[in-house]
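Novice: only geometry, no sequence info:
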């Protein structure tokens with residue numbers, strides 16, 4: 001609102017300002033974006049208003065807000081109606097709000113052809129953030145409310161969503177929505193980004209192919225969910241596909257089957273499969289050397305230290321100022337969770353990333369046919385734009401472990417090698433590490449015997 005006061009032009013503004021209006025010159029598009037995509041404001045003195053996406057004052061390579069805006073402009077007009085025809089990757093989503101009455105539904109792009117990459121995070125490693133966001137923003141999520149205890153229901157919307165989730169190929173889909181979708185971009189540290197959504201009126205699906213092993217797990221109503229997960233995993237189904245199948249209630253003993261919110265199904269599969277692999281790893285001999293692996297991706301650095309000791313495992317995360325989980329402007333935030341040889345009995349405080357990384361580690365040790373104590377150091381640097389889901393951690397650790405490790409004869413030698421690869425001083429990592437504390441204070445019997 002503008003006003004004339006004492007002959008001078010004065011601009012009156014609210015104390016808290018919607019920031020997108022001050023970053024985008026196209027005012028009408030900015031207002032649309034602000035109302036559709038973000039319910040976010042920044043204080044008047046925010047560096048965002050000084051930077052306007054040009055100076056990178058936050059330390060990032062790209063402006064997170066502008067990345068969302070460009071994605072919005074690029075894809076929001078791809079589909080702006082209530083009738084949609086496209087090939088689902090296939091993809092489905094089960095929400096958690098309101099549990100046990102949750103939103104469920106298929107995810108379909110307004111696009112024909114091979115769309116499978118849109119919902120297979122295992123294929124995303126190495127791609128830039130804007131490309132990944134583009135995959136997800138093309139998927140329109142149809143939603144209907146259902147009771148998770150009705151996994152065996154013959155309700156058409158639920159049945160078609162379930163069959164879609166079981167498919168091994170993109171499925172020709174026709175979706176009718178009750179209203180135009182909201183073009184929001186939802187970000188989470190657990191689930192891959194989610195794009196537009198709207199209430200679902202109806203869905204019709206074409207011919208689909210269900211892999212034999214998936215068909216067996218689905219129709220074997222006496223097979224426990226854990227056994228179903230392991231059967232699918234041993235048949236080389238991507239972890240994210242197993243998570244989707246669990247999510248739509250398509251495995252487990254018949255009367256116990258339920259829909260599982262997607263966020264929960266992700267951790268359930270990572271946790272249960274890695275727990276089984278971990279027990280197998282314990283039967284193997286120890287590694288011979290101290291091994292160090294590393295990788296960098298999207299301003300996240302992972303350094304993995306394997307120690308010739310019986311199984312134990314730890315993930316330590318360090319979030320620099322300006323990153324999502326650290327609002328502090330000056331100090332690095334650190335968090336860690338670990339487990340001894342027998343495992344842990346409580347849920348890891350740092351969330352699903354702990355179990356996703358553990359799956360990658362146990363896979364590698366099983367392949368090596370060796371056992372080790374493992375510490376993962378993760379630094380999320382200021383240039384990290386936004387959370388992409390726990391798949392990001394799993395695939396980063398997998399990438400690091402595919403590389404040839406550096407080998408050392410002593411723990412001190414390995415830590416000396418690790419030090420310059422991390423921005424945070426090693427003393428801070430040692431202060432929070434449970435595994436390194438145990439290893440440094442407990443000597444093996446072979447050390448006393450001189451072996």
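Specialist: That came in fine, so what should we check first? It should be emphasised that the depicted structure is a prediction, and the values quoted were computed from it without experimental measurement.
Novice: what residues go with each domain of this protein?
Specialist: Domain segmentation of the chain under automatic domain parsing yields 2-57, 83-205, 212-281, 290-449.
Novice: okay if I get those domains as CSV plus mean pLDDT and mean neighbour count?
Specialist: In short, each C-beta sits where N, CA and C put it, glycine included. Converted to CSV, those look like this (pLDDT from 0 to 100; neighbours: other C-beta atoms under 10 Å):
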stretch, mean pLDDT, mean neighbour count
domain 2-57, 45, 13
domain 83-205, 91, 19
domain 212-281, 97, 19
domain 290-449, 91, 18
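Novice: Okay, and the beta partners of residue 291?
Specialist: Taking DSSP bridges as the rule, residue 291 bridges to residue 306, residue 407.
Novice: ok, it touching residue 361?
Specialist: No: checked against C-beta atoms under 8 Å, the pair residue 291 and residue 361 is beyond contact range at 11.6 Å.
Novice: First-to-last residue distance for stretch 163-170?
Specialist: Its start and end residues considered, stretch 163-170 measures 12 Å (C-alpha to C-alpha, to the nearest Å).
Novice: cool, and stretch 120-139?
Specialist: In stretch 120-139, first residue to last residue: 13 Å (C-alpha to C-alpha).
Novice: now swap in stretch 140-156 and tell me
Specialist: Using C-alpha to C-alpha, the end-to-end distance of stretch 140-156 comes to 19 Å.
Novice: How about stretch 162-180?
Specialist: Stretch 162-180 has its terminal residues 24 Å apart, counting by C-alpha to C-alpha.
Novice: again, but for stretch 396-416
Specialist: Taking C-alpha to C-alpha as the measure, stretch 396-416 stretches 23 Å from start to finish.
Novice: mind checking the SS state of residue 198?
Specialist: Classification of residue 198 using DSSP: H, G, I helix; E, B strand; the rest coil returns strand.
Novice: any idea how far residue 106 is from it?
Specialist: Using C-beta to C-beta, to the nearest Å, residue 198 is found at 12 Å from residue 106.
Novice: Return every residue with contacts to both of the two.
Specialist: 141, 142 (C-beta atoms under 8 Å, 6 or more residues apart in numbering).
Novice: part of a helix, is residue 176?
Specialist: No: counting by three-state DSSP, residue 176 is not found in a helix; it is strand.
Novice: and it, how far is that from residue 155?
Specialist: Residue 176 is 16 Å from residue 155, where distance means C-beta to C-beta.
Novice: Not counting residues beside it along the chain, what's closest to residue 309?
Specialist: Sequence neighbours aside, residue 373 is the residue nearest to residue 309 in space, at 4.0 Å (criterion: C-beta to C-beta, 6 or more residues apart in numbering).
Novice: contacting residues around the one you found?
Specialist: 306, 307, 308, 309, 310, 311, 312, 313, 435, 439 are the contacts of residue 373 under C-beta under 8 Å, 6+ apart.
Novice: tell me the two of those that are most distant?
Specialist: The span of the contacts of residue 373, defined through C-beta to C-beta, is set by 308 and 313 at 14.5 Å.
Novice: quick one: what helix or strand has residue 382 in it?
Specialist: In this assignment (DSSP states H and E), residue 382 forms part of neither any helix nor any strand.
Novice: Same check on residue 338?
Specialist: Here residue 338 is assigned to strand 333-339, by DSSP H and E.
Novice: next one: residue 436
Specialist: Here residue 436 is assigned to helix 434-441, by DSSP H and E.
Novice: hmm, who's touching that helix?
Specialist: 307, 309, 312-314, 336, 338, 340, 373-375, 411, 429-430.
Novice: So which of the residues you listed belong to strands?
Specialist: Using DSSP state E, the members of those that fall in strands are 307, 312, 313, 314, 336, 338, 373, 374, 375.
Novice: farthest-separated two in those?
Specialist: Using C-beta to C-beta, the two most remote members of the ones in strands among the contacts of helix 434-441 are 307 and 336, lying 15.9 Å apart.
Novice: Which other helices and strands does the longest helix along the chain contact?
Specialist: Using DSSP state H to define each element, the chain has its longest helix at helix 262-281. Applying 3 or more C-beta pairs under 8 Å, 6 or more residues apart in numbering; DSSP states H and E, we find helix 262-281 packed against strand 92-94, helix 225-234, helix 239-247, helix 352-368.
Novice: Just checking: what are the partner strands of the shortest one?
Specialist: Using DSSP bridges, the neighbouring strands of strand 92-94 in the sheet come out as strand 101-108 (antiparallel).
Novice: Now do the partner strand against helix 239-247, angle only.
Specialist: Per axes from the mean of the first three to the mean of the last three C-alpha atoms, to 10 degrees, the angle that strand 101-108 makes with helix 239-247 is 140 degrees.
Novice: could you give the angle of strand 101-108 to helix 262-281?
Specialist: Going by the same axes, to 10 degrees, strand 101-108 makes 80 degrees with helix 262-281.
Novice: Check the offset of strand 101-108 from the chain's centre.
Specialist: 19 Å (C-alpha atoms, centre = their mean, to the nearest Å).
Novice: helices or strands next to the helix or strand following it in the packing?
Specialist: Remark: after strand 101-108, the chain's next helix or strand is helix 129-137, criterion DSSP H and E. Contacts defined by 3+ C-beta pairs under 8 Å, 6+ apart place helix 129-137 against helix 64-75.
Novice: Quick check: mean pLDDT of the helix it packs on?
Specialist: Averaged across helix 64-75, the pLDDT comes to 57.
Novice: Can you name the element that comes right after that helix?
Specialist: Once the chain leaves helix 64-75, the next helix or strand it forms, by DSSP H and E, is strand 83-88.
Novice: Which strands border that next one, and is each parallel or antiparallel?
Specialist: strand 171-177 (antiparallel).
Novice: Give me the contact list for the partner strand.
Specialist: By C-beta under 8 Å, 6+ apart, the list of residues contacting strand 171-177 from outside reads 82-88, 90, 106, 108, 112, 140, 142, 164, 198-208.
Novice: Next one: residue 258 from residue 425, what distance?
Specialist: Residue 258 is 47 Å from residue 425, by C-beta to C-beta.
Novice: hang on, residue 122 packs against residue 238?
Specialist: Yes: Residue 122 lies in contact with residue 238 (C-beta under 8 Å); the separation is 4.9 Å.
Novice: Good, we can wrap up now.
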